[in-house]
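> Structure for this input, please:
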Amino acid sequence: MSDPLGGMCSVDLDPRLSPSPVVPGLVWAEGVRVVPSSLTPPFLLPLLDRVRQAGEDFVPQAVRDSVRAMLRFGRYKPSGRGKPASEFLLRAALAGEFPRVNGPVDVNNAVSLESGLPASIFDADLSGRELLLRRGEAGEAYVFNSSGQSIDLEDVLVVCGRRDDAWRPCGNPVKDAMATKVQSGTTNVLAVLYAPVGEAGSTLGSWCIRFAELLSLHCGAARTGFWTPSSD
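Below is the predicted model of the structure:
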C-alpha cells in the first residue's frame, strides 16, 4: 500500500494480521519547522475548550471501546499504563494537563484527541519511509522516553520502519520509540493514524486531511500528503 504521490512513502500490513483489526491512515510532510511549544498553539485552544465542556463524552464510549478492541490480542490488554494514547490525551485535556511538546507532535496529539484514534508521528529520516504494521514479537521492546523507560511489545500492534534492509519497531498506539521521535533537527515527518476496522469508513480520510493541513499551517510544511485504503 503506497501514498498517492509517487511512492515516496508507504505502510503495509503484515499478512499475519489477517483479518486485520486496524485500518491505517498515513500522513507525511516535508520541510517542517520544529519549534518547542512554550504556549498552547492557537488551533488547540478551541479544541481543549470543547473537550472540557463535553467531558469524557467528547469521545463517544463506542469509539473508545472499538479502539481498545482493536488493540486487545494475546497477552496484551489495553488498560492501565497500556491504554491507547488517545485515552491518555483525553484525560490530560480534562485535567488541564494536555502536553505541549513541539509543532508536529502537538498536531499529532490534537488530531488524536479530536478523533479519538491513537496516532504516531516519526522523524521520517530516522524511521525510514517504508512502514510495516505487525504484531510485536516475544522479547521485543524499545525505549520510549529520555529516562530510558521501555515498553514490552509482545502482541502489541507495532509500526516498523525499514532501515538497512530490516524492519525495526518505531511506534505503536500506546507509546512511540525514542529513537525515531521528532526532534529539533527534524525536517520530514511520517504519521500513522490507527482506526478500528468498524470505525474507519470515510472519517479516516477526513482526519488525515486535517492532520496534513495542520502540518502545513502550524509547522510550515513545504509539501504534505496522505494515504488511506480508500485512496487507492
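
> CA only for contacts and neighbour counts going forward, please
Noted.

> Can you give me the distance of the nearest residue to V143 once chain neighbours are set aside to F43?
Leaving aside its sequence neighbours, V143 sits nearest to S150 (Cα to Cα, 6 or more residues apart in numbering; 4.0 Å). Distance, S150 to F43, by Cα to Cα, to the nearest Å: 32 Å.

> And A69, by the same measure?
A69 is 31 Å from F43, by Cα to Cα.

> ditto for T203
Applying Cα to Cα to T203 and F43 gives a distance of 20 Å.

> likewise W207?
15 Å.

> neighbour count winner among these two?
W207 (20 against 14; other Cα atoms under 10 Å).

> per-residue confidence at the more buried one?
On pLDDT, W207 comes in at 97.

> Which is the succeeding secondary structure element to the strand or helix carrying it?
Element membership of W207 [criterion: DSSP states H and E] is helix 203-219. Downstream of helix 203-219, the first helix or strand assigned by DSSP H and E is strand 223-227.

> tell me the mean pLDDT over that next one?
Rounded mean pLDDT across strand 223-227 is 95.

> Then stretch 142-156?
Here the average pLDDT along stretch 142-156 is 96.

> For W167, list each beta-bridge partner.
Note on W167: beta-bridge partners by DSSP bridges are R162.

> burial measure for it, as a count.
W167, neighbours per other Cα under 10 Å, totals 16.

> again with the one 10 residues further on
Other residues within reach of A177 by the criterion other Cα under 10 Å amount to 22.

> go on, V23?
22.

> And for the one 4 residues further on?
Using other Cα under 10 Å, V27 is surrounded by 26 other residues.

> Repeat that for the one 10 residues further on.
Neighbouring residues of S37 were enumerated by other Cα under 10 Å; the total is 14.

> Pop out the phi and psi values for the residue nearest to it when sequence neighbours are not counted.
Distances taken as Cα to Cα, 6+ apart place N102 nearest to S37, at 4.9 Å, with adjacent residues excluded. N102 adopts backbone torsions of phi -160, psi 170, taken as degrees, to the nearest 10.

> Could you verify my assumption that N102 touches V35?
Yes. Using Cα atoms under 8 Å, N102 is in contact with V35, at 5.4 Å.

> out of those two, which sits in the busier spot?
N102 (20 against 14).

> Name all residues that make contact with that one.
Each residue near N102 by Cα atoms under 8 Å, 6 or more residues apart in numbering is listed here: 34-37.
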